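Participant: this one's sequence-less:
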């Protein structure tokens, strides 16, 4: 089993930045891919970004140019740096991990991001 704990959410004004963190624990050796998803009220969950153990990353079109996913393998932690945030980025952000991409075998409980003036 793998446990995922997210942190770093909060409220920020449009144009601001946040960095989300997701720390994995447990049987981390089975993780090949980690990523971030988000779900806004009344909307379906959507993928935001993912990264594999070799550092290969992929982004949703809405995240390209504004968000950067990175990882610290020694700390079993994945980060999502979000810049130039927009109100439409408001959502619950979930970390996911798994033995393949896109990740989905394990999920965190989420961290809320609110972008509002």
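Facilitator: Perfect, thanks for sending it. Remember, it's a predicted structure, so these values are computed and weren't measured experimentally.
Participant: partners of whatever helix or strand residue 23 lives in in the sheet?
Facilitator: Counting by DSSP states H and E, the element that carries residue 23 is strand 18-26. With DSSP bridges as the test, strand 18-26 is paired with strand 2-7 (antiparallel), strand 77-82 (antiparallel).
Participant: which of these is buried the deepest?
Facilitator: Comparing the strands paired with strand 18-26 by mean neighbour count (mean count of other CB atoms under 10 Å), strand 77-82 comes out on top with a mean of 22. (Each C-beta comes from the backbone N, C-alpha and C, glycine too.)
Participant: what's the following helix or strand after it?
Facilitator: Proceeding N to C from strand 77-82, the next assigned helix or strand is strand 91-98, under DSSP H and E.
Participant: what sits opposite the residue sitting nearest the centre point of the chain in the beta ladder?
Facilitator: Most central in the chain under CA atoms, centre = their mean is residue 36, positioned 2.7 Å from the mean C-alpha point. With DSSP bridges as the criterion, residue 36 is bridged to residue 49, residue 95.
Participant: with distance to residue 45 and mean pLDDT added, can I get the strands paired with strand 18-26 in a markdown table?
Facilitator: A markdown table is the format used below for the strands paired with strand 18-26 (distance: least, CB to CB, whole Å; pLDDT from 0 to 100):
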| stretch | distance to residue 45 | mean pLDDT |
| --- | --- | --- |
| strand 2-7 | 14 | 98 |
| strand 77-82 | 15 | 98 |
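Participant: need those in TSV (columns: distance to residue 16).
Facilitator: Formatted as TSV, the strands paired with strand 18-26 follow (distance: least, CB to CB, whole Å):
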stretch	distance to residue 16
strand 2-7	17
strand 77-82	9
